[in-house]
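J.: please find the sequence and the predicted model below.
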Amino acid sequence: MSQDTRADAQPRVDLPRWDRWKRDWLWIVLLGLAVQALWAVRLTHPSYMDAYYYTTAARELAAGRGLTTQVIWQYLDDPAGLPAPSHTYWMPLPSLLAAAGYLLSDSFRAAQAPFWLLAGLLPWLSFVIAGALGAKRWEAWAAALFTAWGGYYAAYLSQPTTFAPYAWAGGLGLLVLGRATAGGRDRLWLAAGLLAGLAHLTRADGLLFLLVGLWLWLLAGPRRSWRQPAWLVAGYLLMMGPWLARTLVVLGRPLPTAGTQTIFLTQYDDLFAYGRQFNLAGYVAWGAGNIVRSKLEALWLALQTFLAVSGLVFLAPFILLAWIGWGRRPGWPLLRPLTWASLGLLALLALVFTFPSGRGSVLHASAALWTWMMALAAVGIGRAVDWAAARRTHWRPARAGPVFAGMFVVVALVISLITSGAHPLRDDEARILEEFAAALPPGSIVMLPDAPMYFYHTGNPAINVPNEPPAVLLEVARRYGAGYLVLDSGYPHPLAGVYEDTAPDPAIRLLREEAGIKLYVLEVGR
């Protein structure tokens, strides 16, 4: 008996073909790669701490030094010293991709190449998702163009970081899972598991995609097949198993615990605390009023960020229009994984990892849903035009739809240009750090706000400034052998007296200053 006629098989739902308009695929791919090349060429090095970390770890790996780093950027897992195992907080896939580039050429352009390719192909994924949702051809093109411009992600996609790989793992994973839950074959559940593992290998919250798959299987009712979750989990473990084994060997547990401590933070800056543990007892002692208020504020900020980033603000109403319209269709399966993943990510980030959510986690995590949001936005425009045409008889939807979509595509391009142009490239900061390093003894360990950036530009080991008063800072410097300190205007609050020279410490002596960036020597003794 075939799988489709088994008594325990889910009824198959007829869905639009995902591979429509194949003649357009080449043009969409070429356009996406060309646009991403323009964003990528602006960068001559990473532009923020996460990307610096992934890139430097990739460089170490490609050089044959394994998954190690000469950087300590957080102290929650009590690192023993330098060099240290890498990726004990962040997940490794961006570094693995960048390392593949470094194997071809020892240059930042080579490290960028895998991310440029993934980002350039994302418009094709949005085009395919729109087709799978039953979009018209012009709607699918609008979805591809919205994605090609990049929006708020434009400054990040083509450098070693999580955005592009997470957009692929999440976007494609939700499409495969949707088709699997519509009565697809076991191989679709296996593919969904592989993509869930890929999402988790990219970001810690990627585990949610496995949980969404299991939840949808539970909701399927008595006709579900027990083989489906088995294939889903098998695919996940095939992808994540080696990393779980490596972490078990290095840390003594399959997953790091530093990230889980951030659940109990009472302010974001304590991510950089030293010598303190954050647990449930301390969190409860903070008070129920503070806890509830912080979570409500985080949820509101997360919703705003999600609408602004994933919907480019002005596209959000069209996304909701399409989402609600499709949600009323009986048996429509493709939006169920997206809906549960969206709710799950918002709840996980805002209500569990409350303080990191407001400082970039929602921006990063929403990339997994972005291709779907652009597809929904394009179809929502079509629905809005159809609604207006039904009330204005002189309107012709076949003409009005592409015209309005074209206008919105231009607006999306302008937003992408503005947000990308506003993103700091940090060239001056890099030059100053290189000058500071040249004046120090070779191999000196420096403590500063962005240790991965310093290591990237100078090749010297570095540790991050802890969010602690001077006495603890000197203890950290003594333990890890740091002889110098760099502070800028974004100094941790406990070090205000040092930076502003209102409460100087005799063991922290100013050497030089340029453009508000100060270099100190630390008299820590040995």
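T.: Good, I have the coordinates. Numbers count the residues shown, from 1 in each chain.

J.: for stretch 359-373, measure first residue to last.
T.: 22 Å (C-alpha to C-alpha, to the nearest Å).

J.: what residues sit buried inside that stretch?
T.: 361-373 (16 or more other C-beta atoms under 10 Å). Using the backbone N, CA and C atoms, a C-beta is placed for each residue, glycine as well.

J.: with stretch 468-476 instead?
T.: In stretch 468-476, counting by 16+ other C-beta under 10 Å, buried: 468-470, 472-474, 476.

J.: closest to Pro16 out of those residues?
T.: Glu468 (57.1 Å; C-beta to C-beta).

J.: about what we covered before: identify, from the buried residues of stretch 359-373, the entry nearest to Met453.
T.: His364 (18.4 Å).

J.: check contacts around that closest one.
T.: 162-163, 166, 203 (C-beta atoms under 8 Å, 6 or more residues apart in numbering).

J.: who wins for neighbours among those?
T.: Phe163 (30 neighbours; other C-beta atoms under 10 Å).

J.: state the distance from that residue to Ala196.
T.: Counting by C-beta to C-beta, to the nearest Å, the gap from Phe163 to Ala196 is 18 Å.

J.: isn't Ala40 up against Gln112?
T.: Yes - the criterion here is C-beta atoms under 8 Å, and Ala40 meets it with Gln112 at 5.5 Å.

J.: okay, those two: which has more neighbours?
T.: Gln112 (23 against 20).

J.: count of neighbours near the closest residue to Ala245 other than its chain neighbours?
T.: If the residues on either side of it in the chain are set aside, Ala245 comes closest to Pro254, at 7.8 Å by C-beta to C-beta, 6 or more residues apart in numbering. Neighbour count for Pro254, taken as other C-beta under 10 Å: 14.

J.: now Pro254, what's its secondary structure?
T.: coil (DSSP: H, G, I helix; E, B strand; the rest coil).

J.: ok, it - contacts?
T.: Residues in contact with Pro254 (C-beta under 8 Å, 6+ apart) are 244-245, 247-248.

J.: residue ranges in the protein under the pLDDT threshold?
T.: Low-confidence segments of the chain, defined by pLDDT under 70: 1-14, 184, 223, 327-331, 526.

J.: would you mind writing the CA trace of stretch 198-208 as PDB?
T.: The C-alpha coordinates for stretch 198-208 follow below in PDB (Å, rounded to 0.1, in the frame of the first residue of the first chain):
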ATOM      1  CA  LEU A 198      20.900  24.100  10.200                       C
ATOM      2  CA  ALA A 199      18.900  26.900  11.900                       C
ATOM      3  CA  HIS A 200      20.100  25.800  15.300                       C
ATOM      4  CA  LEU A 201      23.600  25.600  14.000                       C
ATOM      5  CA  THR A 202      23.300  29.300  13.000                       C
ATOM      6  CA  ARG A 203      21.500  30.700  16.100                       C
ATOM      7  CA  ALA A 204      20.600  29.200  19.500                       C
ATOM      8  CA  ASP A 205      16.900  30.200  19.000                       C
ATOM      9  CA  GLY A 206      16.900  28.000  15.800                       C
ATOM     10  CA  LEU A 207      16.000  25.100  18.100                       C
ATOM     11  CA  LEU A 208      12.500  26.600  17.900                       C
END
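
J.: contacting residues for the residue nearest to Lys136 when sequence neighbours are not counted?
T.: In space, and not counting its chain neighbours, Lys136 is closest to Gly382: 6.0 Å by C-beta to C-beta, 6+ apart. For Gly382, the contact set (C-beta under 8 Å, 6+ apart) comprises 135-136, 138-139, 397, 401, 405.

J.: in strands only, show me those.
T.: Under the assignment DSSP state E, these contribute nothing to strands.

J.: re earlier: please enumerate the shared neighbours of Ala40 and Gln112.
T.: Common contact partners of Ala40 and Gln112 (C-beta under 8 Å, 6+ apart): 158-159.

J.: how many other residues sit next to Ile129?
T.: 30.

J.: ok, now how distant is it from Leu334?
T.: Ile129 is 8 Å from Leu334, where distance means C-beta to C-beta.

J.: and for Gln70?
T.: 46 Å.

J.: what's the answer for Ile463, then?
T.: 47 Å.

J.: neighbour count winner among those two?
T.: Ile463 (29 against 24).

J.: tell me the SS of the more buried one?
T.: Classified using three-state DSSP, Ile463 is strand.

J.: gap between the closest residue to Arg20 other than its chain neighbours and Trp326?
T.: Leaving aside its chain neighbours, Arg20 sits nearest to Gly131 (4.5 Å; criterion: C-beta to C-beta, 6+ apart). As defined by C-beta to C-beta, Gly131 lies at a distance of 14 Å from Trp326.

J.: ok, the two, which is more surrounded?
T.: Counted by other C-beta under 10 Å, Gly131 and Trp326 do not tie: Gly131 has more neighbours, with 23 against 19.

J.: grab the most central residue of this protein for me.
T.: His364 (3.0 Å; C-alpha atoms, centre = their mean).

J.: and it, how far from Tyr153?
T.: From His364 over to Tyr153 the distance is 10 Å, taken as C-beta to C-beta.

J.: joint contacts of the two?
T.: Common neighbours of His364 and Tyr153 (C-beta under 8 Å, 6+ apart) are Phe163.

J.: Leu511: which element?
T.: strand 508-514 (DSSP states H and E).

J.: now do the helices in the stretch 101-250 of the chain.
T.: Listed in chain order, the helices of the stretch 101-250 of the chain (DSSP state H, counting those that start in this stretch) span 108-132, 137-149, 163-181, 186-202, 207-219, 227-251.

J.: hang on, the earlier thing: elements contacting the strand holding Leu511?
T.: Packed against strand 508-514 by the contact rule (3 or more C-beta pairs under 8 Å, 6 or more residues apart in numbering; DSSP states H and E) you find helix 427-438, helix 470-480, strand 517-522.

J.: reformat these as a markdown table; add distance to Ala143.
T.: Below are these laid out as a markdown table (distance: least, C-beta to C-beta, whole Å):
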| stretch | distance to Ala143 |
| --- | --- |
| helix 427-438 | 35 |
| helix 470-480 | 49 |
| strand 517-522 | 43 |
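
J.: what about these, which gets the closest to Thr260?
T.: helix 470-480 (22.4 Å).

J.: helices of the stretch 351-500 of the chain, start to end?
T.: For the stretch 351-500 of the chain, the helices defined by DSSP H, counting those that start in this stretch cover 354-356, 362-365, 370-389, 397-422, 427-438, 451-458, 470-480, 496-499.

J.: what's the closest of these to Arg185?
T.: helix 370-389 (22.8 Å).

J.: now the angle from that closest one to helix 137-149?
T.: Inter-element angle recorded for helix 370-389 and helix 137-149: 140 degrees (by axes from the mean of the first three to the mean of the last three C-alpha atoms, to 10 degrees).

J.: out of the helices of the stretch 101-250 of the chain, which gets nearest to Phe278?
T.: Comparing those by C-beta to C-beta, helix 227-251 comes nearest, at 17.9 Å.

J.: could I get the buried residue list for the closest one?
T.: Quick answer for helix 227-251 (16+ other C-beta under 10 Å): 228-229, 231-236, 239-240, 243, 246-247.

J.: right, I'll call it a day here.
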